[in-house]
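Asks: generate a structure from the sequence data that follows.
(one chain, ligands or ions: 1)
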Amino acid sequence: MTFKPEIQVCPVCEARFEVPSVRSCGSHGADSDFRPHCWGYDPLEDQVQACRECGFAGYPEDFREGVTENVIRKIRKFLTPRTRDLKRPSAAFFRYEFLALIYEWEDRSSLEVADSFLRASWVARSRQNREKERLYQRESVRRFEEALEIGECGDQSQRAVISYLVGDLHRRLNRRRRAETWFHRSREELALVADSDEGLAWLSDQIKRQLESPSDVLV
Ligand SMILES: [Zn+2]
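Replies: Numbers count the residues shown, from 1 in each chain. You can find the predicted model right below:
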């Protein structure tokens, strides 16, 4: 089965380029930081695309929505000089890094910035680039903590899940004490979730496991 590439137009410099069309994947389980395991085709690397002329990066909706003058100036100043990175075979994690920076300049929520850095770390991991993986994990965990601190996670279930994720990112960064503190915090947040929310039964087991005999794979 072949898929026709699509044409994307850069909202910053109007360059036109081909992008692979993104398909969905069947997944079986996930890593402990929620990176899905796909059967065969893995859409992660294709979901975010970047312009090799100026460095703009985004999901399809970001290409449609465009960017403000202020953000364009920052892209020109900080990303355009780095477009060489986008031509490397490992470019996919740079696309997520550029996206995270653009979201930060756009004053998007800490959750959105954190999520982009998290995905960058997932790609770096599949590319076996441990140094970049750690760099992006550090950037990601800082924003997730910030999101919890400033009340971006209004939903109690989300607070429990994000607290677990903060713990697991610290664990992956070999920050054992901080990881444990956050796993315990996640357990406390989980206790406040209404009993009716049975969808979170797995989290209690997962926290227990990461405290007792940690694994890089989700239960
Ligand atoms: Zn461009």
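
Asks: and residue 42, that's in a strand?
Replies: No. Counting by DSSP: H, G, I helix; E, B strand; the rest coil, residue 42 is not part of a strand but coil.

Asks: which ones are touching it?
Replies: Residue 42 sits next to 25, 126 when contact means CB atoms under 8 Å, 6 or more residues apart in numbering. Any C-beta I mention is one placed from the backbone N, CA and C, and that applies to glycine too.

Asks: all helices of the protein, in order?
Replies: 44-47, 60-65, 69-74, 91-105, 110-126, 130-149, 156-172, 176-191, 201-212 (DSSP state H).

Asks: so which bits of the third one are buried?
Replies: Residues of helix 69-74 classed as buried: 71, 72, 74 (neighbour count, 16 or more other CB atoms under 10 Å).

Asks: that older thread, tabulate the helices of the chain in a markdown table, adding columns for distance to the ion and mean pLDDT.
Replies: Converted to a markdown table, the helices of the chain look like this (distance: least, CB to the ion, whole Å; pLDDT from 0 to 100):
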| stretch | distance to the ion | mean pLDDT |
| --- | --- | --- |
| helix 44-47 | 18 | 91 |
| helix 60-65 | 10 | 95 |
| helix 69-74 | 10 | 98 |
| helix 91-105 | 11 | 97 |
| helix 110-126 | 18 | 97 |
| helix 130-149 | 23 | 98 |
| helix 156-172 | 32 | 97 |
| helix 176-191 | 39 | 97 |
| helix 201-212 | 41 | 95 |
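
Asks: could you export the ones you listed as JSON lines, including distance to residue 34?
Replies: Listed next are these as JSON lines, based on distance: least, CB to CB, whole Å:
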{"stretch": "helix 44-47", "distance to residue 34": "12"}
{"stretch": "helix 60-65", "distance to residue 34": "22"}
{"stretch": "helix 69-74", "distance to residue 34": "28"}
{"stretch": "helix 91-105", "distance to residue 34": "15"}
{"stretch": "helix 110-126", "distance to residue 34": "8"}
{"stretch": "helix 130-149", "distance to residue 34": "12"}
{"stretch": "helix 156-172", "distance to residue 34": "7"}
{"stretch": "helix 176-191", "distance to residue 34": "14"}
{"stretch": "helix 201-212", "distance to residue 34": "11"}
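
Asks: please name whichever of these is nearest to residue 6.
Replies: helix 60-65 (8.7 Å; CB to CB).

Asks: for the closest one, name the packing helices and strands.
Replies: Judged by 3 or more CB pairs under 8 Å, 6 or more residues apart in numbering; DSSP states H and E, helix 60-65 is in contact with strand 6-9.

Asks: which secondary structure elements does the strand it packs on contact?
Replies: In terms of contacts (3+ CB pairs under 8 Å, 6+ apart), strand 6-9 is packed against strand 16-19, helix 60-65.

Asks: that strand and the ion in contact?
Replies: No. Strand 6-9 lies out of reach of the ion by CB under 5 Å from the ion, never closer than 8.9 Å.
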